[in-house]
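**Q** this one's sequence-less:
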């Protein structure tokens, strides 16, 4: 059942008061009556009306003053006030009344139909305004307490930010955010890209567009942001509306998954998949540049004894130390890869001739002369190395790995702690 509109009539002329009250009640309104401004205020405080019909002159005060007092009281701003006047009112006085907060002027005498028509017009306006306020309040609550950061941008400045945005970027309050240039919250390497993207959004259609960039918190930490960006009209001007989601955890998880897919979980070195990809690229480059490419297969000598006597945990520590020492000893464009167990592959691109591979193999053998100091143990261990050359010993990934593996076992058979070229020359440590 629809709630009745409450109307308070404030009129000191009892005849007029009774006539208006009767008419409104017969039209279905809930009506209350007051003859002075003081009585009206008491009734308003006890039960807030929707509409007040206010005489312009009352025994204890002028209607304008009462209107001003009502409109300036918190919680009463939305009461619709209609002035009732039994004498003609100048346009100037009407403007004063409207400026104070009145919604309508009704001069008597007036026909009943017109009178009710004006009341219903105000009632419709009230309902529309109420629906608009409720809609704005729902929107405000939704935006303000959204799980996403929400910002409105004009130029390079924030003109609105919500609570989630403040937490996301580490602001203490909205005032600090609103005086900050938006690009101070963007990683320097991503600023130009975001600036161009926003410029394109301003010229595009309304549907939001997604963009990812690195954000910078107030404490300097980098976070990953997924932004849904569109343009809106805000206070009569074009502005940018953006919903920001912190996807740092997702990006870290994706990077972890990607790293696990292409890197050895124990040592962090490229695994067989990534090694094969890099070897394919290196072979293509060697073909273009007419330079040599070498692939080394390394196998730690007597590594099984370490696992059997000291345990697999110590063996794992040794493998990590070997990986670190190999990485530090080689050139920047070389690739060290763990194939599993105690086997490592080294890709050596851009060699002038095959003797360069031998020199680098000798360097690797030398770095194993120094013992490995682990948490509880100091271990001395050597390695055997097999070398295959591209394109001399193979023109595919599998061929080179197979030939290097054969050469490595040849080094094992000849006493370990040395390197061997595939089916050709040998050199001893």
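**A** Perfect, thanks for sending it. The model shown is predicted, which means the values in this text are computed figures rather than measured ones.
**Q** just for the chain, where's the confidence low?
**A** 1, 202-206, 424-429 (pLDDT under 70).
**Q** How is this protein divided into domains?
**A** Following the assignment in automatic domain parsing, the chain carries domains at 6-142, 149-250, 264-428.
**Q** want to throw these into JSON lines with mean neighbour count?
**A** Any C-beta I mention is one placed from the backbone N, CA and C, and that applies to glycine too. Formatted as JSON lines, the domains of the chain follow (neighbours: other Cβ atoms under 10 Å):
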{"stretch": "domain 6-142", "mean neighbour count": "16"}
{"stretch": "domain 149-250", "mean neighbour count": "16"}
{"stretch": "domain 264-428", "mean neighbour count": "17"}
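**Q** ok, now how distant is residue 141 from residue 246?
**A** To residue 246, residue 141 is 21 Å away according to Cβ to Cβ, to the nearest Å.
**Q** Next: residue 9.
**A** 57 Å.
**Q** Kindly report the same for residue 62.
**A** Distance from residue 62 to residue 246, by Cβ to Cβ: 58 Å.
**Q** repeat for residue 339
**A** With distances taken as Cβ to Cβ, residue 339 is found 38 Å from residue 246.
**Q** ditto for residue 13
**A** Residue 13 sits 66 Å away from residue 246, going by Cβ to Cβ.
**Q** before we move on, what about residue 151?
**A** Counting by Cβ to Cβ, the gap from residue 151 to residue 246 is 13 Å.
**Q** same question, residue 117
**A** Residue 117 sits 55 Å away from residue 246, going by Cβ to Cβ.
**Q** again, but for residue 208
**A** From residue 208 across to residue 246, the span is 18 Å (Cβ to Cβ).
**Q** for residue 354, same thing?
**A** 53 Å.
**Q** is it fair to say residue 110 lies in a helix?
**A** No: looking at residue 110 with DSSP: H, G, I helix; E, B strand; the rest coil, it is coil, so not inside a helix.
**Q** residue ranges for the helices of the stretch 151-300 of the chain, please.
**A** Under the criterion DSSP state H, counting those that start in this stretch, the stretch 151-300 of the chain contains helices at 163-169, 174-178, 191-203, 248-262, 272-289.
**Q** how about CSV for those helices, with distance to residue 20 added?
**A** Shown next, in CSV, are those (distance: least, Cβ to Cβ, whole Å):
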stretch, distance to residue 20
helix 163-169, 48
helix 174-178, 48
helix 191-203, 55
helix 248-262, 66
helix 272-289, 88
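**Q** Out of these, which is closest to residue 38?
**A** Comparison of those against residue 38 by Cβ to Cβ identifies helix 174-178 as nearest, at 41.9 Å.
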